[in-house]
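**Q** Okay, predicted coordinates and the sequence, questions at the end:
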Amino acid sequence: MSKQLTKKQIRHLSYRWSWHRSLSWNYEKMMSCGYLTTMLPVIDKIYQNDPEGRKKAFETHSVFFNCEPNLTNIILGMDIAIEEEMGAQGLETVAGIKTSLMGPFAGIGDTLFTSVLATIFGSIAVTTALEGSYFGIILWEIWLFFVMFGLRPYLMQLGYTQGLKLTTTLSSKLNQITQAASVLGIMVVGSMVASLVKVKFGTLNLMGTEFDLQTKLFDAIMPQFGAVLVVALCYAVLGKIGMKSSRLILLLLVIAVLCSFLGILVPA
């Protein structure tokens, strides 16, 4: 079989993945239902005269699948190209590609899109909002629309046109890209902690002698020591002993009110 789908059809399949990816998400198979329903128009087209191939395609796309949503578009594009070219005979190859790529693509995708890019655009939105400007929020929305309607269709088209050649092209670069994105993400998070988390210690009265915790102690160690301490403690306890993000926020509020009442913390 030769390639049958137009760029417009590939773009619509990318939108379909965006809507369907968490459809019937569950801990047993995670994104498999969303993957299968995304592929339904392709399956109907390729296997319209092959009921056994159609059944095998349903079985292949119903197994466990979990990957970063944006880079999954590349896997979907490669899948479509292989099934168009080989039909049911290519389903074993497709299963192998899905299994081998979803892990590395999840790692690099989560690092790049969640840890780095989302953090950068989110920090811009928060910072400008604190200054009373709508610019950051608008920029955040532009980024989300670009990912949905620009980047994802492009990645699926890339996987569709390049097919298996893409795996050999990317395989030697995945680790380098992931490491570079991780370093950038850590730098961005560190900058956000220093600029957005405000913690200022107050003055303690020790046997009639006032001792300024902030200027006399913590500023000498690290000017933003309080912010680093709070973030480190939150990171350490989050997810442990049933600690969820909502409970952690409430706990921080209680600790902040108590420390303010005792004079340990003052308005920053």
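**A** Ah, there it is.

**Q** Flag every buried residue along stretch 149-157.
**A** Across stretch 149-157, burial judged by 16 or more other CB atoms under 10 Å covers 152, 153, 154, 155, 156, 157. In short, each C-beta sits where N, CA and C put it, glycine included.

**Q** Does residue 94 fall in a helix, a strand, or a coil region?
**A** Classification of residue 94 using DSSP: H, G, I helix; E, B strand; the rest coil returns helix.

**Q** What is the nearest of the buried residues of stretch 149-157 to residue 186?
**A** residue 155 (25.2 Å; CB to CB).

**Q** hang on, the earlier thing: out of the buried residues of stretch 149-157, flag the one nearest to residue 237.
**A** residue 152 (35.4 Å).

**Q** gap between residue 46 and residue 77?
**A** Distance, residue 46 to residue 77, by CB to CB, to the nearest Å: 14 Å.

**Q** The two: which is more packed in?
**A** Of the pair residue 46 and residue 77, residue 77 is the one with more neighbours under other CB atoms under 10 Å, namely 26 against 22.

**Q** so what's the more buried one up against?
**A** Going by CB atoms under 8 Å, 6 or more residues apart in numbering, residue 77 touches 10, 155, 156, 157, 158, 159, 160, 161.

**Q** Let me see the contact set for the third one.
**A** It refers to residue 156. Residue 156 neighbours (CB under 8 Å, 6+ apart): 10, 11, 13, 14, 17, 73, 74, 76, 77.

**Q** what's the answer for residue 65, then?
**A** 29, 30, 31, 32, 35, 98, 102.

**Q** can you do 7 Å?
**A** 30, 31, 32, 35, 98, 102 (CB atoms under 7 Å, 6 or more residues apart in numbering).

**Q** Over to residue 22?
**A** Here residue 22 is in contact with residue 34 (CB under 7 Å, 6+ apart).

**Q** helix/strand/coil for it?
**A** Relying on three-state DSSP, one would call residue 22 coil.

**Q** Mind exporting the C-alpha coordinates of whichever strand or helix holds residue 144 to PDB?
**A** Using DSSP states H and E, residue 144 sits in helix 135-146. In PDB, the C-alpha atoms belonging to helix 135-146 read as follows (Å, rounded to 0.1, in the frame of the first residue of the first chain):
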ATOM      1  CA  PHE A 135       0.800  39.700  29.000                       C
ATOM      2  CA  GLY A 136       2.000  36.500  30.600                       C
ATOM      3  CA  ILE A 137      -1.500  34.900  30.600                       C
ATOM      4  CA  ILE A 138      -2.000  35.800  26.900                       C
ATOM      5  CA  LEU A 139       1.500  34.400  26.100                       C
ATOM      6  CA  TRP A 140       0.500  31.200  28.100                       C
ATOM      7  CA  GLU A 141      -2.700  30.800  26.000                       C
ATOM      8  CA  ILE A 142      -0.800  31.400  22.800                       C
ATOM      9  CA  TRP A 143       1.700  28.600  23.700                       C
ATOM     10  CA  LEU A 144      -1.200  26.200  24.500                       C
ATOM     11  CA  PHE A 145      -2.900  27.000  21.200                       C
ATOM     12  CA  PHE A 146       0.400  26.600  19.300                       C
END
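
**Q** List the buried residues for it?
**A** Neighbour counts using 16+ other CB under 10 Å place 136, 140, 143 of helix 135-146 among the buried residues.

**Q** Sort out which one of the residues you listed lies nearest residue 112 for me.
**A** Checking the buried residues of helix 135-146 against residue 112 by CB to CB gives residue 143 as the nearest, at 13.2 Å.

**Q** would TSV of the contacts of residue 65 with secondary structure be doable?
**A** TSV is the format used below for the contacts of residue 65 (three-state DSSP):
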residue	secondary structure
30	strand
31	coil
32	helix
35	helix
98	helix
102	helix
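
**Q** Among those residues, which one sits closest to residue 255?
**A** Among the contacts of residue 65, residue 30 lies closest to residue 255 (CB to CB), at 35.9 Å.

**Q** got any ranges where this protein has weak pLDDT?
**A** The model of the chain has pLDDT under 70 over residues 1-3, 163-182, 184-185, 204-211, 213, 216, 268.

**Q** Okay, residue 103 and residue 75: tell me how far apart.
**A** For residue 103 relative to residue 75 (CB to CB), the value is 11 Å.
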